[in-house]
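S.K.: Have a look at this prediction, sequence included:
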Amino acid sequence: MGLFDKIKNVFSKDKEAVKYEEGLTKTRKEFSTELSSLSKKYKNIDDNYFEELENILIMADIGVNTVVKFVDKLKKRVKEENIKDSNTLKEIIIDELLIMYAEGGVIKSKINYSNEGPTVILFIGVNGVGKTTSIGKIANKLKKEGKKVLLVAADTFRAGAIEQLEEWGKRTNIDVVSTSSKDPSAAVYDGIDKAIKGEYDVVLIDTAGRLQNKVNLMNELSKMNSVIKKLIPNAPHETLLVIDATAGQNGIAQAKAFNEVTNITGIVLTKLDGTAKGGIVLAIKEEVNIPVKFVGLGEKEEDRKSVV
């Protein structure tokens with residue numbers, strides 16, 4: 001049984017976990033093939049085996065630091081348990097990776113909902129990662145769960161961003177607040193005010209993706225957070241960073257950069273079905289200690305899923 005088959009079994013009570021596993025087909029197939037080939041190539045376990053294993057894990061974008069720690073742990077276990085057979089070690093590798101996924105807080109999809117009033121979720125990320133699309137899909141998901149959802153178009157920088165979110169609103173029949181002002185905080189204020197008066201359950205806020213200038217980004221996010229807190233003191237309840245899974249280690253760099261300017265509470269990982277590098281989920285947790293809360297597995301409205 002492969003790693004991702006085991007993960008699916010752990011989360012078998014959740015239909016969304018099945019969807020998650022299906023979306024990881026490329027990662028699962030490539031990883032399983034590489035691991036099986038490694039076991040056939042090396043009947044006995046030696047330094048060459050571990051060197052090739054490291055390469056396989058790094059190519060899956062698990063991250064160098066995570067890989068080194070993981071392989072060191074394996075070497076110690078091989079020595080302590082006197083493991084000689086590479087096929088036996090293959091199962092141990094699968095089990096150890098499963099533990100890292102399932103027990104290490106790598107994937108934690110529970111949203112931190114407010115006990116009173118609207119729950120405010122701020123979405124950040126560079127342009128082109130699928131931020132606006134992710135917001136639309138998550139909004140649709142929450143609506144299907146019975147939540148009254150409001151979208152706020154606060155990306156006043158990118159051409160067409162407001163119209164794109166408004167299109168998602170029309171498609172899913174969800175209200176959208178936008179502004180003619182160039183100040184994104186104006187849209188945020190109007191949105192939060194409408195959410196309070198209209199008794200909305202969740203507010204999803206789209207923001208501009210300008211990482212090139214950290215000072216401007218910091219000032220913009222700081223101003224938006226101040227506006228939000230004036231109306232709802234303990235908000236935003238979540239700040240989710242959207243990362244394109246196909247970006248690999250560049251995605252890790254983005255997470256580190258954004259984490260320097262704001263408090264990120266979770267990751268939205270897009271296009272995970274379009275890459276064989278599903279190990280980025282582990283790398284994000286290891287490098288920046290932020291859990292993945294949503295994964296994007298396709299282009300349909302329902303294909304934005306929490307995974308546990």
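M.R.: Okay, I see it. Quick caveat, the model's predicted, so the values are computed rather than measured. Numbering: from 1, shown residues only.
S.K.: For the stretch 1-150 of the chain, which segments are assigned as strands?
M.R.: Applying DSSP state E, counting those that start in this stretch to the stretch 1-150 of the chain gives strands spanning 119-124, 149-153.
S.K.: Figure out which of those is closest to residue 256.
M.R.: Closest to residue 256 of those is strand 119-124 (CB to CB; 13.4 Å). No exception for glycine: its C-beta is placed from N, CA and C like everyone else's.
S.K.: wait, what's in contact with residue 204?
M.R.: For residue 204, the contact set (CB atoms under 8 Å, 6 or more residues apart in numbering) comprises 121, 123, 135, 138-139, 149-152.
S.K.: how close does it sit to residue 46?
M.R.: Distance of residue 204 to residue 46, given as CB to CB, to the nearest Å: 52 Å.
S.K.: How about residue 270?
M.R.: 40 Å.
S.K.: same check, this time on residue 38
M.R.: When distance is defined by CB to CB, residue 38 is 12 Å away from residue 46.
S.K.: Between the two, which has more neighbouring residues?
M.R.: Per other CB atoms under 10 Å, whichever of residue 38 and residue 46 has more neighbours is residue 38, with 19 against 9.
S.K.: what's the closest non-adjacent residue to the more buried one?
M.R.: Of all residues not flanking residue 38 in the chain, residue 52 sits nearest, at 5.8 Å (CB to CB, 6 or more residues apart in numbering).
S.K.: number of nearby residues for that neighbour?
M.R.: The number of residues packed near residue 52 is 15, by other CB under 10 Å.
S.K.: go on, residue 116?
M.R.: 7.
S.K.: ok, it - contacts?
M.R.: So, once contact is read as CB under 8 Å, 6+ apart, residue 116 ends up touching nothing.
S.K.: Now do the closest residue to residue 177 other than its chain neighbours against residue 154, distance only.
M.R.: Ranked by CB to CB, 6+ apart and with sequence neighbours excluded, the top spatial neighbour of residue 177 is residue 191, at 4.0 Å. Residue 191 sits 8 Å away from residue 154, going by CB to CB.
S.K.: Okay then, goodbye and thanks.
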